[in-house]
Structures are given as structure tokens and as C-alpha cells.
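K.L.:
Predicted coordinates and the sequence they were generated for:
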Amino acid sequence: MLDFLYYPVSLVMRLWHELFGALFGPATGLSWALSVVFLVLTVRALLVRSAWTRMRAARIGRALAPQVARLRERHRGDARALAEATAALHRTHGSSPVAGLGVVFLQLPVFVALLHVLRAFHRPGLTFEQNAAIANYAFPPDQVASFLQARLFGAPLAAWLRMPAEQLAAFGGPPVDGAAVAVVVVVLTVLAAVCTHLGMRYARVDPGAAPQGAARVLAALPWIAPVGVLAGGLLYPAPVALLLYWMTGSVATLVQQLVLTRLLDRRPPVVVAPPAPERSRAPRPGAKPVRRRPAGARR
């Protein structure tokens, strides 16, 4: 159904695996782990411009916060007029309230596609020989067998926490130690949660610039999101390779945040034009007031 996502994601991962396989051996856990890491870095490289646009728009949004607050008062009860006025205010300063959302909209499909591809390497109920005989999108059967036998610190890349023993026995290669899988999963999940927290703390999002309800969510998000990461890694059957992708993405987000923030700090501060004064309808001193005819009245 989503083959248009599964094939490109698996193809990028396969190309990186073939490169690192030529250097470190195609069946090593290092080659497969690096293919996942560089899949993340490839996506990040494609989204650097969107991330820059989003961070610049966030700075402009913080500078425009007083004017946006006045717009909320002026258009209270009219959400459409408020949205139009806010968008016009941002356009005046070369920005947009939704600038850079491509960062989110592209990462989520890649994450979902990678989860599907990784789960397709190891189909429950099949033996190693049966799994290794089935191609997995861009991966031919020989690379499927290589992935199943690869180990990262003793853990198969397709294994997850609390995986049944009969499924752990279907990976081929040396016997799988459930304790090794647990250690790798816990370490990767904790690192991903810590980096997620740090990345959101360094995002410099000003909760005061948002509405009251959204401000509370923004203030709590650096603590809520890591809990979600921990729950996803420890409770959901997430493969080791997916947790590696998750952790690498969190680290990449943190590093990107720090680098782009430093580059933005070197730019001139955002100068916000003062709001245009509203025209008063009162007559000038000494002027005769103008009487407006009611609509439809004859002259």
C-alpha cells in the first residue's frame, strides 16, 4: 500500500550498506548499523534548509509576540480573521507561521517506512532459512540473510525487548542472548530520551509567545516527549535498528539545533517594524463633522 515510501527508504539504506559492507564486511553489525545511521543523516541533510527556515521563523515569531497579542485582542472570537492577520504580519517580515514544517512532515513517513522495512526482515513464525529466502523491498534475499545474522553488541538488529525465545532462535548465526538484547535496547532508548530532552530544551521556544493553553504544553514538552521515547522503546516491540535510528535522529537534532542556533546568533537581530497606528474616525479640530447617509437612502 505504501510501497512508494518503503522502496526509497530501503534503497537508501541498501546503498549505504553496500558502501560500508565493502569497507567492514557485508555481514557485520557495524556495516548495518552505519547504514541506519547514514540513512538518518541523509534525511537530515535534505531537511537542513527547512530546519533553518523554521528556526528563523521562530525567532521572528518571538519578536512579533507583542503584536500578535494585540491581534488576538482585536480579533477575539474570530479565528479566521486572526489567522489572516497573523499570516499578513509574518509576511510583512519575510516569514510565515508555518515555515519549515517540512521537517516534521518528511521525517514521520520515513520513520514509519523504516519501521515497516525493519519488521519485514524478520517475519514471526518463519525459520531463518524461510526468512532469508524472501526479498525485502530493495534488499535481495542474500542481504536479508546478512541482516538477520548481523549483531550489534550481541543483539540482532531486528530483535526487540521481550522478544519470544523461539523468535530469537530464528536469526541464524551464533545463539542470541536475551540479556544482550535487553542491554542494547535499554541503552539506546535512554540515550534517545536524553538527547530528545536536550534538543527540545535548546530549541529556545518561548512559551509566553503562544496562547495560554499551548504555552503550558510547550513548557512541558521537553519532559513529556522523552517519556514517550522511553515508553516506545521499552514497551513497544521496536527493533534494535529502529532504536538506533531514533537515537541517531535525536543526536542529529541536538547537534543541528546547536549549530544553527550559533549561526543565527551571528546574524543581525530581527528588527520588527512598529504597528501602524489606527486611523481615528473623529473629525479634526474645527472641522465640520461629516454625516454619513444610511445605505439605500436617496440623494
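P.N.:
Alright, I've got the coordinates.
K.L.:
The helix or strand hosting Ala69: how far from the chain's middle?
P.N.:
Ala69 belongs to helix 65-74 when assigned by DSSP states H and E. Offset of helix 65-74 from its chain centre (C-alpha atoms, centre = their mean, to the nearest Å): 29 Å.
K.L.:
mind listing what's buried in that helix?
P.N.:
67-68, 71 (16 or more other C-beta atoms under 10 Å). Using the backbone N, CA and C atoms, a C-beta is placed for each residue, glycine as well.
K.L.:
Dump those residues into CSV; add distance to Ala150 as well.
P.N.:
Formatted as CSV, these follow (distance: C-beta to C-beta, whole Å):
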residue, distance to Ala150
Gln67, 55
Val68, 52
Leu71, 56
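K.L.:
Let me know the closest of the residues you listed to Leu242.
P.N.:
Nearest to Leu242, judged by C-beta to C-beta, of those is Val68 at 38.8 Å.
K.L.:
Identify the residue nearest that closest one in space, chain neighbours excluded?
P.N.:
Thr86 (6.0 Å; C-beta to C-beta, 6 or more residues apart in numbering).
K.L.:
The one you found sits in which helix or strand?
P.N.:
helix 79-92.
K.L.:
just the angle between that helix and helix 65-74, please?
P.N.:
If you take axes from the mean of the first three to the mean of the last three C-alpha atoms, to 10 degrees, helix 79-92 sits at 160 degrees to helix 65-74.
K.L.:
next SSE after helix 79-92?
P.N.:
Under the assignment DSSP H and E, the closest C-terminal helix or strand after helix 79-92 is helix 102-121.
K.L.:
Pull the residues that contact that following helix.
P.N.:
2, 5-6, 8-10, 13, 36, 39, 43, 46-47, 50-51, 54, 131, 136-137, 139, 144, 147-148, 157-158, 238-239, 241-242, 245, 249 (C-beta atoms under 8 Å, 6 or more residues apart in numbering).
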